[in-house]
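Chemist: Mind looking at a prediction? Sequence and model below.
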Amino acid sequence: MSVTQKDFENAMNQVKLLKKDPGNEVKLKLYALYKQATEGPCNIPKPGAFDFVNKAKWDAWNGLGSLPKETARQNYVDLVSSLSGPSSESSSQVKPGADSKQEGYENLLVTSEDRITKILLNRPTKKNAITTQMYHEIMLALKAASQDDSVLTVLTGSGDYYCSGNDLTNFTDIPPGGVEEKAKNSSFLLRDFVNCFIDFPKPLVAVVNGPAVGISVTILGLFDIVYASDRATFHTPFSHLGQSPEGCSSYTFPKIMGSSKAAEMLIFGKKLTAGEACAQGLVTQVFPDSTFQKEVWTRLKAYSKLPPNAMRISKEIIRKNEKEKLHAVNAEECNVLLSRWQSDECMNAVVNFLSRKAKL
Ligand SMILES: CCCCCC/C=C/C(=O)SCCNC(=O)CCNC(=O)[C@H](O)C(C)(C)COP(=O)(O)OP(=O)(O)OC[C@H]1O[C@@H](n2cnc3c(N)ncnc32)[C@H](O)[C@@H]1OP(=O)(O)O
């Protein structure tokens with residue numbers, strides 16, 4: 001029996017709800033079948049050899065030759081149904097509660113000790129670059145930390161880096177709706193992610209154990225305290241990547257360090273040392289790397305003994321007047337990025353990184 005348009009649309013929706021990433025090969029197949037089912041045989045020019053992502057997509061679609069639209073639609077539905085288990089659910093849901101805190105983190109290590117919840121970015125071989133899944137995991141961990149019985153929450157990194165920012169391979173994971181749909185999804189995800197930091201109710205501390213890049217730097221303006229090792233650096237190379245500031249940094253950075261210092265970081269991508277970041281107010285205090293962990297954790301354990309309600313209420317009153325503004329700034333930054341991510345400047349920068357032609 002042939003599938004209906006409704007079956008096809010249901011399958012498209014199901015793809016968005018897949019719990020597990022099906023991998024690039026399957027995603028290319030889905031893309032090709034979707035294009036064939038909706039537009040027929042490949043009808044666009046072959047992309048250049050260095051345009052890896054579009055070239056892979058073109059190859060997949062072109063490889064379907066003159067497969068009839070109906071067959072492509074059927075194959076698409078069959079493929080999606082083979083991927084979806086009965087318990088598929090939206091991976092964008094943030095599930096609160098203590099139980100979820102103990103499970104389901106692939107690239108985070110979340111622990112609670114001495115009334116401090118520590119969220120450790122645990123992908124050291126990739127310099128703790130944040131994958132799409134990690135954005136969801138961090139949101140989940142923050143939600144759980146806001147409800148557990150800890151009084152302080154710490155974000156830190158494992159290995160030599162604090163975090164190298166957004167995982168640039170996130171941009172290669174193109175859904176059937178193409179680059180525009182990818183940009184929209186990313187923009188929603190980024191907005192939700194940053195909102196979790198804006199709204200986080202307990203004192204939030206960044207323990208910056210090494211270099212920090214991109215979004216891991218910009219959201220520091222939303223933390224209450226930032227302790228850094230003297231090995232740390234702070235780098236927001238948005239222009240190099242054809243992108244624009246996020247994490248509310250277009251508002252918090254000029255406020256923290258003045259507009260010209262903020263411009264040097266956010267427009268020209270000037271990398272700051274930990275000492276410079278401290279002098280400019282982005283970092284609270286710098287510690288020698290050799291004693292960093294010991295000094296910072298001793299300090300945090302002492303703070304964690306302070307009355308929790310007083311700390312929470314003090315944070316609330318410090319941040320209250322800014323919240324609405326921060327949400328508006330976040331929404332606007334995400335909106336600007338929506339078009340940046342579809343620009344040639346951004347796509348070329350990502351392809352250059354992935355083809356090992358460019359590093360920061
Ligand atoms: C939902 C979407 C929201 C998007 C929000 C917008 C966010 C924007 C940003 O965060 S912009 C910043 C993006 N980050 C970068 O551009 C950094 C890219 N990485 C580098 O330039 C370098 O890797 C480095 C300077 C961080 C470290 O250099 P080096 O010490 O020489 O190490 P390697 O390059 O060999 O790195 C080891 C390993 O990690 C992989 N890797 C590192 N960073 C990233 C990254 N950001 N994305 C993907 N992969 C990364 C690197 O490729 C190596 O992998 P390999 O061993 O080759 O498999």
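Modeler: Noted; the coordinates are in hand. Residues are numbered from 1 along each chain as shown.

Chemist: Could you pull out the strands in the stretch 51-200 of the chain for me?
Modeler: Using DSSP state E, counting those that start in this stretch, the strands found in the stretch 51-200 of the chain span residues 108-113, 116-121, 152-157.

Chemist: which one of those is the most hemmed in?
Modeler: Compared across these, strand 152-157 shows the largest average neighbour count, a mean of 24 (mean count of other C-beta atoms under 10 Å). In this view, the C-beta of every residue, glycine as well, is placed from N, C-alpha and C.

Chemist: before we move on, the earlier item: indicate which one of the strands of the stretch 51-200 of the chain is closest to Glu322.
Modeler: Of all the strands of the stretch 51-200 of the chain, strand 152-157 sits nearest to Glu322, with 19.0 Å by C-beta to C-beta.

Chemist: Find out how far the closest one is from the centre of the chain, if you would.
Modeler: Distance of strand 152-157 from its chain centroid, counting by C-alpha atoms, centre = their mean, to the nearest Å, is 16 Å.

Chemist: Next: stretch 310-321.
Modeler: The chain centroid and the centroid of stretch 310-321 are separated by 26 Å under C-alpha atoms, centre = their mean.

Chemist: how close does whichever residue of the stretch 51-200 of the chain sits closest to the ligand get to Phe292?
Modeler: Residue nearest to the ligand within the stretch 51-200 of the chain: Gly165 (2.7 Å; C-beta to the nearest ligand atom). From Gly165 across to Phe292, the span is 21 Å (C-beta to C-beta, to the nearest Å).

Chemist: which one of the two has more residues nearby?
Modeler: Neighbours of Gly165 and Phe292, each counted by other C-beta atoms under 10 Å, are more numerous for Gly165; the result is 24 against 21.

Chemist: hang on, isn't the more buried one packed against Ile215?
Modeler: Yes: contact criterion C-beta atoms under 8 Å: Gly165 and Ile215 qualify, at 5.2 Å.

Chemist: what touches both of these two?
Modeler: Residues within reach of Gly165 and of Ile215 at once, by C-beta atoms under 8 Å, 6 or more residues apart in numbering, are Ile130.

Chemist: for the helix or strand hosting Val26, the distance to its chain's centre please.
Modeler: Using DSSP states H and E, Val26 maps to helix 24-39. Computed by C-alpha atoms, centre = their mean, the chain-centroid distance of helix 24-39 equals 25 Å.

Chemist: by contact count, what packs against it?
Modeler: Other helices and strands packing on helix 24-39, by 3 or more C-beta pairs under 8 Å, 6 or more residues apart in numbering; DSSP states H and E, are helix 5-16, helix 52-62, helix 69-83.

Chemist: would you put the C-alpha positions of it in CSV?
Modeler: This file holds the C-alpha atoms of helix 24-39, laid out as CSV (Å, rounded to 0.1, in the frame of the first residue of the first chain):
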residue,chain,number,x,y,z
ASN,A,24,25.6,11.3,9.0
GLU,A,25,25.2,8.5,6.5
VAL,A,26,21.5,8.0,7.4
LYS,A,27,20.9,11.7,7.6
LEU,A,28,22.2,12.1,4.0
LYS,A,29,19.9,9.3,2.9
LEU,A,30,17.0,11.0,4.6
TYR,A,31,17.9,14.3,2.9
ALA,A,32,18.2,12.7,-0.5
LEU,A,33,14.9,10.8,-0.2
TYR,A,34,13.1,13.9,1.0
LYS,A,35,14.4,16.0,-1.9
GLN,A,36,13.5,13.3,-4.4
ALA,A,37,10.1,12.8,-2.9
THR,A,38,9.3,16.6,-2.9
GLU,A,39,11.2,17.8,-6.0
